[in-house]
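A.B. asks: From the sequence below, what's the structure:
(one chain, ligands or ions: 1)
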Amino acid sequence: MNNEEKKEIKIKGHVSRPLILKEMYQQGLHICSVFFGDKREGDCLFCLEILTRMKNESKK
Ligand SMILES: [Zn+2]
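C.D. replies: A predicted model of the protein is given here:
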């Protein structure tokens, strides 16, 4: 994944494609703005926070 693609996903992801972020996380990548697109080693609190927030938003 090159940097242009990362930027693209980052912009679209936060606005309208939360499912892509979830998939990325499940594939072992960071979805947080801090380490976005990098490989995860174990859980990341920033990513988990984003997932939790997305879950809460979809409940409403
Ligand atoms: Zn992360």
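A.B. asks: Please, which helix or strand holds the spatially most central residue of the chain?
C.D. replies: Closest to where the C-alpha atoms of the chain average out (C-alpha atoms, centre = their mean) is residue 31, at 2.5 Å. Residue 31 belongs to no helix or strand when elements are defined using DSSP states H and E.
A.B. asks: tell me the contacts of it?
C.D. replies: 13, 21, 22, 24, 25, 47, 50, 51 (C-beta atoms under 8 Å, 6 or more residues apart in numbering). (Each C-beta comes from the backbone N, C-alpha and C, glycine too.)
A.B. asks: nearest spatial neighbour of it, skipping sequence neighbours?
C.D. replies: Nearest residue to residue 31, sequence neighbours excluded (C-beta to C-beta, 6 or more residues apart in numbering): residue 21, at 4.3 Å.
A.B. asks: for the host helix or strand of residue 49, which positions count as buried?
C.D. replies: Per DSSP H and E: residue 49 is located in helix 45-59. Residues 47, 50, 51 are the ones in helix 45-59 that count as buried (16 or more other C-beta atoms under 10 Å).
A.B. asks: give me the number of residues near the nearest residue to residue 49 once chain neighbours are set aside?
C.D. replies: Leaving out its chain neighbours, the residue that sits closest to residue 49 by C-beta to C-beta, 6+ apart is residue 32, at 7.5 Å. When counting by other C-beta atoms under 10 Å, one arrives at 19 neighbours for residue 32.
A.B. asks: Over to residue 37?
C.D. replies: 17.
A.B. asks: What are the phi and psi values at it?
C.D. replies: When read as degrees, to the nearest 10, the backbone of residue 37 gives phi 90, psi -10.
A.B. asks: Please tell me I have it right and it contacts residue 29.
C.D. replies: Yes. With contact defined as C-beta atoms under 8 Å, residue 37 counts as touching residue 29 (6.0 Å).
A.B. asks: Any idea which helix or strand in this protein has the lowest mean pLDDT?
C.D. replies: helix 3-16 (a mean of 59; mean pLDDT, DSSP states H and E).
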